[in-house]
Each structure stands twice: as structure tokens, then as C-alpha cells.
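> Let me see the structure of the following:
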Amino acid sequence: MTAPLPWPAPHRDTPFVGDVMVPGSKSLTNRVLILAALGDGPSVITRPLASRDTDLMAAALTALGATIERDATTWTVTPPAAVRTDAVTIDCGLAGTVMRFVPLLAALGGAPVTFDGDEHARVRPMATTIATLRSLGLQVDDEGRGSLPFTVHATGGVTGGEIRIDASASSQFVSALLLVGARFEKGLDLRHTGSSLPSMPHIDMTVAELRRRGVRIDTDEPGRWIVHPGTIRALDVEIEPDLSNAGVFIAGALVTGGSVRVRSWPRHTDQAGDAWRTIVPAFGGTVAEDGADLLFSAGESLTGVELDLHDVGELTPVIAAMAALADGPSRLSGVAHLRGHETDRLAALVTEINRLGGDAEELEDGLLVRPRPLHAETFRTYDDHRMAHAAVVLGLRVPGLLVENVDTTIKTYPDFAPVWERLMTQAP
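Numbering: from 1, shown residues only. Reported below is the predicted structural model:
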């Protein structure tokens, strides 16, 4: 198959002033889907994100016996009527939530389940997931790789109890266990043994969604979660807008000296993207509430920043692009775990920013970005949607910049490229 031609990123000489409503949260949609499949009855999900990652999750749950009926605005999820006993294969694509959450769900079944995914997925760290499954008493065949593909041999249930894991590479290892812990015979007493735990908002989101469904979780001790065994209640929910995806539009406004209104920003949320409220002022911009919306505006200049992004690492690529266009150097720290995401995001950002004539340096736990004049080139995305978001932000200020495989953005935002092109080429 011939690879698509690089996409010409829109460029602006005038401020972008816009109004956006982003699709639903991928992180929330996939957690809600799993909990609905584990519930004690059907659940209706309103305005879920329909994207590659969530389609892969829906397909995985269907393969494990759940029924998902979809229409324009709602998905109705009915849990499996019985434990499935025939072997199945699940395509994880490049979705971390599928490759790390679903194997623990499959452990509750009664048949072999094989997991595989895209080429880049086969290098993502999965050793913790595989070791966790084995500590729960399951046989896992991975031929010693510690990565995809592997097969989980389920036996009809999991005893549970005390589990120790090092989740320093990804908070998803913790969320995966929490989501299914109530269905273990003895529940779950989970301790994180590593020195740090990234992306805590994602774990907080998992805990909040479990508690909404009646699951009792004790979190009195840092790095420890006690999930009591019991029923996961069915619950009808509405999905919040994806605030991380809102970030690319916020960045577009700031780097062009403009402003953007993001519709229906949740007043209280566990999403990592809510950090844009504090990140924008750090870059010299302002944030104002207007009813249910937030208005983000550029300041007189785009200032360099020093930010610890440990809890909100997924925002790093777009922030790095902004830093490359700022009026002073920026240091982004706390994100060593990004080396294990869809690609090694730290190495990829340094390579691509420097390819444009920039000056980015990889640090032990982050990036140092020193702004320099940039020139047009093809910005490679490594099949990573966040890298594509970084590219289009840079394209606003770098005439002629081309983006390799912009369609990788369908992972979390269907139709992103035409939406971005329409908004960024409209008159000010």
C-alpha cells in the first residue's frame, strides 16, 4: 500500500480567534465501556468518543461476550450473559488502554485470549501487565518478549488479594487492576512499589468512576488501593469533552496571538487536560470562565516556561511545540515515562523540532527547548496522534511545514484534519 502524501499544515499570519466543541474524552469513554461490560445490567453511554481507540475497545469487549448497540449519540452496553469458553484474538491497535486494561478483564473469563496490535504497539512496555497476570495465577504465553503478542489462558475467575507492582512506566498498570478488582474473589490490595507514579489524574478518574458504581475503594495510604469485592452497578453516563484534545486549539490561539472559546468545559473533572487552566498563564496567556465555557487568550508574548508535567504527560508534545515558538527557553520535566508511549515521545520531539532548525535537547526526565528560527520540513509523526498535534501547532508559524500521516489523529479525534484546516484558514 502506498503511504499517503504528507499533509500541508495550515499557516496563519493573523491571530486565530475561534470557538470549538471537542469530542468526548477517550480516557473516560474506554473506562466507562469496561465498567459497563462488568456491570450488573445494561448501561447507556451518551456522547461517547467514536474513534479508533474506542472502536478497538468496543470490539475487544464484544469479542469477550458483551453486546454494544450504537446509534448517533448513545451506546448501550450489555454485559456478557455467560463466561465465554472459545478462544479469541483481540486487536489492540496502538491503544494503551486496550492492551493494558483488557488482559485483566480477559483473566475473568474461561478461555485463551490472544492480544496483538500495530507494529509500534509491539515495542510498548507490557512486562508489568504480563507479570501481574502471572502473579494472579494465570498462564501467559509471550515467548519471553514482555510485549505483544501474548496469550492469556483464563480459567474462570481470579482469587485476587495482595498485589505489588512497579507502575513507574505507566499509570495504566494501576487502572487496569482497579477496574476489575471488585470482581476478584478476595478483592484487591494493590501497592505501587516504584519511586514515582505518573499521570495520577488518570488513576483518580478510574477510582471516581468505580465509586460512582458502588465499588468500595480505600485510598487512605499513598500508593495503596484496597478494592473490596462486590457488584459493579450499571450506570447511565454522559461523556465529558476531551480536554487534552482541546489543548491543540488552545495552543493554536496562543502561538498566533489570538483566543479560543472551548465549549462545555467541565467545572469539576479528573481529566489531565484540565491543567490547561494553569499552563496557559505560565505561557503568558489568560483564562476566563464564561458560563459553561472557558476562554483562553494569548498575552503580549509567548513566554518560556518551566513546567513539571509528571501528572499530565500526554500534554507534552503540544507544550513542546509551543515552547519551540516562545520568546525564551523552556524546561519540561517529570516525563521520563513518555519514552514508553505510542513512540518514544521525548526522542521523537527532539528529532523533529531539530529537523526544523530548532534547538531541543533530551534530558533524563524531560526536554530543554531553546527557541530558534524554524524552517519548513516534513514533520514525522511516528503514527502518534500527539506528535501530529505538535506538528500542526508548529505549522501555524512555519510556512510550508508538511505533516506525515496526519490521519493518525483519528486515534482520539475523528475528522481532526478537516476541522483544523477549516478553523485555521478562516478569516480572523
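> C-alpha from now on. contacts and neighbour counts both.
Will do.
> so Glu364 touches Gly334, yeah?
No. Glu364 is beyond contact range of Gly334, at 9.0 Å (criterion: CA atoms under 8 Å).
> more neighbours, the two?
Here Glu364 and Gly334 are set side by side on neighbour count (other CA atoms under 10 Å), and the busier one is Gly334, at 20 against 10.
> Now that one: closest residue in space that isn't a chain neighbour?
His310 (4.2 Å; CA to CA, 6 or more residues apart in numbering).
> Do a quick rundown of the strands in the stretch 151-300 of the chain.
161-165, 188-192, 217-218, 224-227, 237-238, 259-262, 286-290, 293-297 (DSSP state E, counting those that start in this stretch).
> Let me know which of those is the nearest to Gly41.
For those, the distance to Gly41 is smallest for strand 237-238, at 13.8 Å, taking CA to CA.
> Check which helices and strands the closest one sits against.
strand 43-46 (3 or more CA pairs under 8 Å, 6 or more residues apart in numbering; DSSP states H and E).
> these two touch, right, the residue nearest to Gly334 and Ser196?
No. If you go by CA under 8 Å, His310 and Ser196 don't touch, sitting 9.2 Å apart.
> Please identify which of the two sits among more neighbours.
Of the pair His310 and Ser196, His310 is the one with more neighbours under other CA under 10 Å, namely 22 against 13.
> any idea how far Thr316 is from the more buried one?
10 Å (CA to CA, to the nearest Å).
> tell me the most buried of the strands of the stretch 151-300 of the chain?
strand 259-262 (a mean of 24; mean count of other CA atoms under 10 Å).
> Tell me which residues are up against that one.
15-22, 246, 249-250, 253, 293-298 (CA atoms under 8 Å, 6 or more residues apart in numbering).
> Partner strands of it, with direction?
As defined by DSSP bridges, the strand partners of strand 259-262 come to strand 17-20 (parallel), strand 293-297 (antiparallel).
> For the helix or strand following the shortest one, which outside residues touch it?
Tracing the chain C-terminally past strand 17-20 and defining elements by DSSP states H and E, one meets helix 26-37 next. With contact meaning CA under 8 Å, 6+ apart, helix 26-37 is reached by 42-43, 45, 48-49, 53-54, 57-58, 61, 66, 77-80, 97, 179, 202, 205-206, 209-210, 232, 234-235, 239-240, 242, 412.
> Kindly recompute the last result at 7 Å.
Residues outside helix 26-37 that contact it (CA atoms under 7 Å, 6 or more residues apart in numbering) are 43, 48-49, 54, 57, 66, 77-79, 179, 206, 234, 239, 242, 412.
> pLDDT-wise, what's the bottom of the residues you listed?
On pLDDT alone, Thr412 ranks lowest of these, at 91.
> show me the contacts for it.
Lys26, Ser51, Arg52, Asp53.
> Contacts for stretch 189-208, please.
Contacts of stretch 189-208 (CA under 7 Å, 6+ apart): 31, 161-168, 170-171, 175, 223-227, 270-272, 310-313.
> Recalculate using a threshold of 8 Å.
Here stretch 189-208 has contacts from 27-28, 31, 161-172, 174-175, 178-179, 217, 223-227, 270-272, 310-313, 335, 337, using CA under 8 Å, 6+ apart.
> mind listing which of the contacts of Thr412 are in helices?
Lys26, Arg52, Asp53 (DSSP state H).
> closest to Val305 among the residues you listed?
Lys26 (27.8 Å).
> In terms of pLDDT, where does the closest one sit?
95.
> What's the separation between it and Ser195?
Taken as CA to CA, the span from Lys26 to Ser195 is 28 Å.
> Do you have the helices of the protein handy? List them.
Under DSSP H, the chain gives helices at 26-37, 52-63, 96-106, 127-135, 172-181, 200-212, 243-255, 276-282, 316-324, 345-355, 385-395, 416-425.
> Ok, which of these comes nearest Val88?
helix 52-63 (6.8 Å).
> elements contacting the closest one?
Right, helix 52-63 is packed against helix 26-37, strand 67-70, strand 88-91, helix 96-106 by 3+ CA pairs under 8 Å, 6+ apart.
> Give me the contact list for the third one.
Defining contact as CA under 8 Å, 6+ apart, one finds that strand 88-91 is touched by Leu56, Ala59, Ala60, Ala63, Leu64, Ala111, Pro112, Val113, Thr114, Phe115, Asp116, Gly117.
> Skipping adjacent residues, who's closest to Val17 in space?
Nearest one to Val17, counting by CA to CA, 6+ apart, is Ser259 at 4.8 Å.
> With Ala127 instead?
Gly146 (4.3 Å).
> again, but for Val158
Nearest one to Val158, counting by CA to CA, 6+ apart, is Phe184 at 5.2 Å.
> how close does that neighbour sit to Ser244?
Distance from Phe184 to Ser244, by CA to CA: 33 Å.
> These two: which has the busier surroundings?
The neighbour count for Phe184 versus Ser244, taken as other CA under 10 Å, is higher for Ser244 (25 against 21).
> Let me know the pLDDT of the closest residue to the more buried one other than its chain neighbours.
Sequence neighbours aside, Gly273 is the residue nearest to Ser244 in space, at 4.2 Å (criterion: CA to CA, 6+ apart). Per-residue pLDDT puts Gly273 at 96.
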